[in-house]
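1. pasting a predicted model and its sequence here:
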Amino acid sequence: MRHLVLTAVLLAALPLAALHADTGSGLVLSSPSAAGQQDTAGHEQFARELEAGLNAGETALFNRSFDQERFLARVLNGLPESRELEQVRDGMRQGLSQVGEAVLQRMSDDYAFKYLRARERNGNVALLYRVDLGDEGLNYMELETLEQGDELRIVDWYDHASAQTYSDAVRQALLVALPLDRGALERVFGINKADDKTVSQFLELARLQRERRFDEWLAGYEKLTPKVRDSRIMVLLRVFNANSSGDEQAYREALAAAAQQFGDRPEMALLLVDHYLYNGEWARAHEALDNLNRYTGGDAAIDGMRANIYLLAEDDAQALTWAQRAIDGDADYEEPYWTRLQANVNQGRFEAAVTDLEVLEQRFAYEFDVEQLASLDGYQAFGRSAAFREWARGQ
């Protein structure tokens, strides 16, 4: 029989709706080249195979490679041994047997994993992935791996959106649902134990999150006691679920609460960059991307985000520069092509804008409604141009 509480705990703590840990395990990574001292050929092959499998919706390799015992040792480290703890350990083994399915369950319909590089974490090789969630945004995920004979094992992973490891997230969620350590609960929520009502609310929110019923989750969040609602754990979950709900006002309010909670902590850069954009704080947004570059080792998608900041700030020349840099870094990443198109239209570079349309058609299989495109706000002059009319004749 599956342990329902533990299943909810594991699902509630997954990346992209992750929890923040107060265990002092901040982001401490070496340079991207640090792993180069090891023979990483096997890691590279494993990383590519895992990427292909996850993008195809296949989880067998992930599940087979996940080291449950080492992961559980991290989650339960320091908790007093007891009969209840042993039951928890057994229940979590059941839930973790299909952890790959749970990871994909939290993804948007148009997700895509992109392996970037190997580097060092805790003396092990970490595999860094970009996780593109389409309209729901972007994340970075680092799988910490360990060689065991001829096999590679996944020990844990670090989620950049929430700036913590999955083991820390599960540990904090576990302490809410199953109060094994009263001191930890005191630190997280300022309460001595999770009463029946708190546990019931937590499990209900976990169910709503698992079923992607984000509006209902947000409504349930408001019913929590102030100490629980304003905890770091729930503040983060509110941001991720508000973003996934598509309710822009709810997302902005959640970001504002997170900004008040986390301030200018550099490791929260990916979480807070949207808050700075909504407020027109361009310098702080660029600073956040500087921090994200430092933590990830750089990526074309980060360059693409910087291009968008310049576009929003009406600096089309810089937007073009950074969009092109993003495209040069990863020609298969779609977002910067749209930024380049908009900046070219804004600057009256209509022949270049037509080239952008052609790339979007050929590389990404877009089909455009000519009349609708020409009538868009800011596109009317482009629609009247000779370059556009010539392109339109071929549609």
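-> Happy to help now that I have it.

2. nearest the middle, which residue of this structure would you pick?
-> What sits nearest the mean C-alpha location of the chain, by C-alpha atoms, centre = their mean, is residue 139, with 2.9 Å.

3. that one sits in which helix or strand?
-> With elements taken from DSSP states H and E, the one containing residue 139 is strand 138-148.

4. same question, residue 293
-> helix 282-296.

5. I'd like the average pLDDT over that helix.
-> With pLDDT averaged residue by residue, helix 282-296 scores 93.

6. gap between stretch 80-95 and the chain center?
-> 29 Å (C-alpha atoms, centre = their mean, to the nearest Å).

7. which residues touch the residue nearest to residue 57 when sequence neighbours are not counted?
-> Leaving aside its sequence neighbours, residue 57 sits nearest to residue 104 (C-beta to C-beta, 6 or more residues apart in numbering; 6.4 Å). All C-beta spots, glycine's among them, are computed from the backbone N, C-alpha and C. Residues in contact with residue 104, defined by C-beta atoms under 8 Å, 6 or more residues apart in numbering, are 54, 57, 59, 111.

8. got the contact list for the strand holding residue 139?
-> Against strand 138-148 from outside (C-beta under 8 Å, 6+ apart): 15-16, 42-43, 46-47, 50, 67, 70, 113, 119, 121-122, 124-133, 152-161, 165, 270, 296, 299, 301, 305.

9. picking that back up, counting by contacts, list what the helix holding residue 293 packs against.
-> Here helix 282-296 touches helix 269-278, helix 300-312, going by 3 or more C-beta pairs under 8 Å, 6 or more residues apart in numbering; DSSP states H and E.

10. list the helices and strands the longest one packs on?
-> For helix 300-312, the packing partners by 3+ C-beta pairs under 8 Å, 6+ apart come out as helix 269-278, helix 282-296, helix 316-329, helix 335-346.

11. for it, give the mean pLDDT please.
-> Confidence over helix 300-312 (mean pLDDT, whole number) is 96.

12. buried residues in it?
-> Within helix 300-312, the residues that count as buried by 16 or more other C-beta atoms under 10 Å are 300, 301, 302, 303, 304, 305, 306, 307, 308, 309, 310, 311.

13. can you check the pLDDT for the residue lying closest to the first one once chain neighbours are set aside?
-> Just to be clear, that refers to residue 300. Of all residues not flanking residue 300 in the chain, residue 329 sits nearest, at 3.3 Å (C-beta to C-beta, 6+ apart). We have a pLDDT of 97 for residue 329.

14. quick check: residue 329 vs residue 350, distance?
-> Distance, residue 329 to residue 350, by C-beta to C-beta, to the nearest Å: 26 Å.

15. now residue 100
-> Per C-beta to C-beta, residue 100 is found 47 Å from residue 350.

16. higher neighbour count, these two?
-> residue 100 (23 against 19; other C-beta atoms under 10 Å).

17. surely the more buried one and residue 57 touch.
-> No: counting by C-beta atoms under 8 Å, residue 57 is not a contact partner of residue 100; they are 9.9 Å apart.
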